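[1] here's a sequence, model it:
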Amino acid sequence: MNVRRGGWTWFTDDPAVLEPWADSIGDLLAHPVKKNAVRSVCRAAGGTGGCFVKIERKPGFWNRLRNRFFSKAQSEYKSGRLLLECGIPCAEYLAWGRCGASSAVVSRALDGWISALKYWYTEARFDAGKKQRWLDVFFDLTFRFRENSLTHPDFHAGNVLLNPATNEHALIDTYGIRRKNRLDEQDIRDILSWLLPLRMDVPEDELIQRLDRRRILSQAAEPFFREMVRLNNVRLDRDWAKRRRQILSGNSKFSHTEGNREIRHSLWHEPVPLPEETELSIRELDMPTARTEWLESFRRQLRGEKLDAVPLIFEKNGAKARLFTLSGEKKSYFF
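    Numbering: from 1, shown residues only. Predicted coordinates:
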């Protein structure tokens with residue numbers, strides 16, 4: 001059914017999930033949990049246990065017209081319902097809505113669950129049992145996508161939540177997932193894209209062996225995996241100018257700015273406490289050299305390379321700069 005609230009039109013099976021927040025979207029937007037230039041994720045009190053409201057705002061006549069006939073929120077809502085029909089665990093989508101050029105999708109909050117990406121870098125990669133369970137989850141999800149002929153344009157570990165206590169898992173951000181008559185090689189590479197970042201912690205031969213044991217590929221795993229790596233590096237090189245601008249902006253998922261310093265984020269792209277500066281090596285360099293080293297560290301990690309040392313702070317002092325680098329740590333949030 002559709003419901004009009006606060007100037008928005010909402011589509012939901014249960015209007016109670018809109019209580020009491022749907023009349024004051026502006027109040028939600030004033031306190032986002034996460035935000036970028038066009039999208040805000042907000043926590044609301046609707047539904048049992050609360051919910052998350054993801055709001056996308058793209059002003060302009062053409063966006064308003066497009067939203068009238070094709071809503072990204074509606075597409076994500078339908079993708080979530082499709083996953084549940086296929087028996088694939090995902091966040092429970094409760095409603096979607098639109099207002100002019102803005103749209104929103106509502107999903108039930110999963111309190112106590114964490115990003116699978118964060119869990120990998122903080123727990124699973126350091127513990128054989130947790131590592132095995134983590135890999136089982138992702139190989140099982142990939143097999144289910146293959147079995148149901150589902151594509152996923154953005155399948156990475158940050159789009160899966162885990163409950164460490166029960167090993168339950170659920171996909172989030174389901175936009176773009178759809179069913180095809182038959183998956184081609186690119187579709188298979190897409191649903192295996194979560195595998196490539198693991199090369200920093202798991203030898204490639206081990207990943208290939210694990211892939212070979214699963215009923216996902218219709219060909220030998222090694223040449224398929226090597227081609228995945230090659231194509232991924234081609235894509236990263238093609239997109240590097242864009243990534244470079246993001247990193248140097250000092251306000252992206254990679255880092256943030258504090259005064260004259262750019263501070264590196266964790267491998268799961270969140271700010272975390274840094275080690276004491278006495279634990280870091282400090283080098284004074286000319287600005288071009290420091291900038292190059294700073295950028296190169298990100299580029300290599302994006303390519304799945306394991307680094308022995310990682311610059312955590314890029315301090316700018318006119319024509320000079322200082323890099324504060326962490327090295328020799330086996331359990332680090334940065335490499």
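
[2] contacts and neighbour counts: CA atoms only from here.
    Fine.

[3] for Phe138, see how far away the closest residue to Met200 other than its chain neighbours is.
    Nearest non-adjacent residue to Met200, counting by Cα to Cα, 6 or more residues apart in numbering: Lys306, 4.6 Å away. Computed as Cα to Cα, to the nearest Å, the Lys306 to Phe138 distance reads 22 Å.

[4] now the strands for the stretch 201-335 of the chain?
    For the stretch 201-335 of the chain, the strands defined by DSSP state E, counting those that start in this stretch cover 255-258, 261-264, 281-286, 309-317, 320-327.

[5] average pLDDT for the longest one?
    Strand 309-317 comes out with an average pLDDT of 96.

[6] next, the angle strand 320-327 makes with it.
    160 degrees (axes from the mean of the first three to the mean of the last three Cα atoms, to 10 degrees).

[7] how about low-confidence regions in the stretch 51-200 of the chain?
    By pLDDT under 70, the weakly predicted segments of the stretch 51-200 of the chain are 59-69.

[8] now do the strands in it.
    Going by DSSP E, counting those that start in this stretch, the stretch 51-200 of the chain shows strands at 51-57, 93-99, 102-108, 114-115, 150-151, 160-163, 168-171, 178-179.

[9] neighbour count for Lys306 and Phe138, which is higher?
    Phe138 (20 against 17; other Cα atoms under 10 Å).

[10] that one and Ser71, how far apart?
    29 Å.

[11] so which residue of this structure lies furthest out from the middle?
    Ranked by distance from the centre of the chain (Cα atoms, centre = their mean), the top residue is Ala319, with 35.5 Å.

[12] neighbours around the closest residue to that one other than its chain neighbours, how many?
    Using Cα to Cα, 6+ apart and skipping the chain neighbours, the partner closest in space to Ala319 is Met287 (5.5 Å). The tally of other residues near Met287 (other Cα under 10 Å) stands at 17.

[13] check contacts around Met287.
    Taking Cα atoms under 8 Å, 6 or more residues apart in numbering as the criterion, Met287 is in contact with 316, 318-321.

[14] of those, buried ones?
    Using 16 or more other Cα atoms under 10 Å as the burial test, the contacts of Met287 include 316, 321 as buried.

[15] using JSON lines, lay out the contacts of Met287 together with distance to Lys78.
    As requested, these are exported to JSON lines (distance: Cα to Cα, whole Å):
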{"residue": "Lys316", "distance to Lys78": "47"}
{"residue": "Gly318", "distance to Lys78": "52"}
{"residue": "Ala319", "distance to Lys78": "53"}
{"residue": "Lys320", "distance to Lys78": "53"}
{"residue": "Ala321", "distance to Lys78": "50"}
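
[16] and which of the contacts of Met287 is nearest to Arg226?
    Ala321 (38.3 Å; Cα to Cα).

[17] might you report the residue contacts of that closest one?
    Contacts of Ala321 by Cα under 8 Å, 6+ apart are 284-287, 290, 314-315.

[18] many thanks, have a good one.
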